[in-house]
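1. for reference, the sequence and a predicted model appear below.
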Amino acid sequence: MSTILSITDLRKSYAGGFEALKGVNLDIEEGEILALLGPNGAGKTTLISTICGISTASSGSVTVGGHCIERAYRAAREMIGLVPQEINLEPFETVMNSVRFSRGLFGKPKNDALIEEILKKLSLWDKRKSQIKELSGGMKRRVLIAKALSHEPRVLFLDEPTAGVDVELRKDMWDVVRELRESGVTIILTTHYIEEAEAMADRVAVIAAGEILLVEEKSDLMARMGKKELQVILTEPLSTVPQALAQHELRLGEDGRSLIYTYDVKAERTGITSLLNDVAAAGLVLADVSTRQSSLEDIFVGLVSGEDA
Ligand SMILES: Nc1ncnc2c1ncn2[C@@H]1O[C@H](COP(=O)(O)OP(=O)(O)OP(=O)(O)O)[C@@H](O)[C@H]1O
C-alpha cells in the first residue's frame, strides 16, 4: 500500500493561544478506512479542517497525493471529499442539481453519467428529482456523501457520519462506507460511536487533547489490549479477597459479592480451572459465573484516562 495522505508535526493554536493540535503525525494508506476516535474537544474537527485547508495550520505540513495543502492548495483539495457533521443542504434544490453544483464548484466538467453512478451507489437515484426538503434524515446524509464524491476525490472525510441516526440507518451507512472503500476511496471517519470504529475501521487512531495517542490496526489493537474477565458471583458478600486465593490476583467487585479474574484468552492455560477449585476449597459458594470480553470501548476509555484497559 502507498501513503495517500501524510501529516507531519501539525500544530494549530487558536487566537488566544489555545493549542488544539500539538504536533500530529499520521500517514494514511491508500484504500484504508481509518477511524479517528477521541473525546469531545480532542481536536478531531480541527484536524480535519486543517487537512482540508479550511483552517490554517500554525506549523507542520499536510500532503495529499504528494500535493502540499498550503503550496498546492487546489491540487491537494481536489483529492479530498468532505462530508461535514452538519446537514447544510439547500432545501428547495433537487438531489441531482445539488450534486451537479458541488462538482461544478471544483471546476470539473459536467458529467451526469458519473453522478448517476454515485446516486445509484448511494440508493438515491430514485430520488434524483426530489427536493432536499422531501428527503428523510438518512437520505440527506447520503446526499452529503454524494456531493462530497461528485468531484471524484481519492480521500473521503466523514465527520461523525451517523451522529443522531438510528441504529438501522447507522448500519446502512456502514454498508455504504464499506462499498465506497471497495471502489477504491480512502476513508477517514471521526466518530463517538466506538462500535462504528469496531465495525468498519481497518486502523484506529486515538486523539486526546490535541495529541495522537495511538495508531494501530484494529485487529492488532484488540488482540494486544483485549482481555477477558471472569466474574464469580458469590452467595455471601466478602470484605476482602481471601488469603487462600491471593495467588490468583483477583479483584473484589464493588458490592463484595463478586470476584473478578482477568485473563488472556490466547494463553495456553487461562488458570480458570484452578481458580474455581480454589474458590470451592476456600468454602465460598457460587451463585453464578459470567465472562466478558473487553471491547474497543474499554481500550479507548483506558487510553484516554491513562490506564490500561
Ligand atoms: N475557533 C476556535 N477558537 C478557539 N478554540 C477553538 C476553536 N475551535 C475549536 N476550539 C477548541 O479546540 C479544541 C478542539 O476542538 P475540536 O472541535 O477540534 O474538537 P473535537 O475533537 O472535534 O470535538 P467534538 O468531538 O466535541 O466535536 C477544543 O478545546 C475547542 O474548544
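-> Now that the structure is in, tell me what you want to look at. Residues are numbered from 1 along each chain as shown.
2. Arg100 contacts Ser150, doesn't it?
-> Yes. Contact between Arg100 and Ser150 holds when scored by Cβ atoms under 8 Å: they sit 7.4 Å apart. Where you see a C-beta, it was placed from the backbone N, CA and C, and this is true even at glycine.
3. which residues do the two both contact?
-> Shared contacts of Arg100 and Ser150 (Cβ atoms under 8 Å, 6 or more residues apart in numbering): Ile115.
4. nearest residue to the middle of the protein?
-> Compute the mean C-alpha point of the chain, and by Cα atoms, centre = their mean the closest residue is Ala35, 3.1 Å away.
5. wait, doesn't Arg77 sit right on Gly53?
-> Yes. Between Arg77 and Gly53 a contact is recorded at 5.6 Å, counting by Cβ under 8 Å.
6. returning to what we had before: check which element follows the helix or strand hosting the residue nearest to the centre of the chain along the chain.
-> Here Ala35, judged by DSSP states H and E, is contained in strand 33-37. Counting by DSSP H and E, the next helix or strand C-terminal to strand 33-37 is helix 44-51.
7. can you show me the strands along the stretch 51-200 of the chain?
-> Taking DSSP state E, counting those that start in this stretch as the criterion, the stretch 51-200 of the chain carries its strands at 59-64, 67-68, 80-83, 155-159, 186-191.
8. next, see if the strand holding Ala35 gets close to the ligand.
-> No. Applying Cβ under 6 Å from any ligand atom, one finds strand 33-37 out of contact with the ligand, separated by at least 8.6 Å.
9. contacts for that strand, please.
-> Outside strand 33-37, the residues that touch it by Cβ under 8 Å, 6+ apart are 28, 44, 47, 177-178, 181, 186-191, 194, 196-197, 200-207, 215, 218, 300.
10. ok, Phe101 touching Glu93?
-> Yes. Taking Cβ under 8 Å as the definition, Phe101 is a contact partner of Glu93 at 7.4 Å.
11. which of these two has more neighbours?
-> Legend: neighbour count by other Cβ atoms under 10 Å for Phe101 and Glu93, higher for Glu93 (16 against 13).
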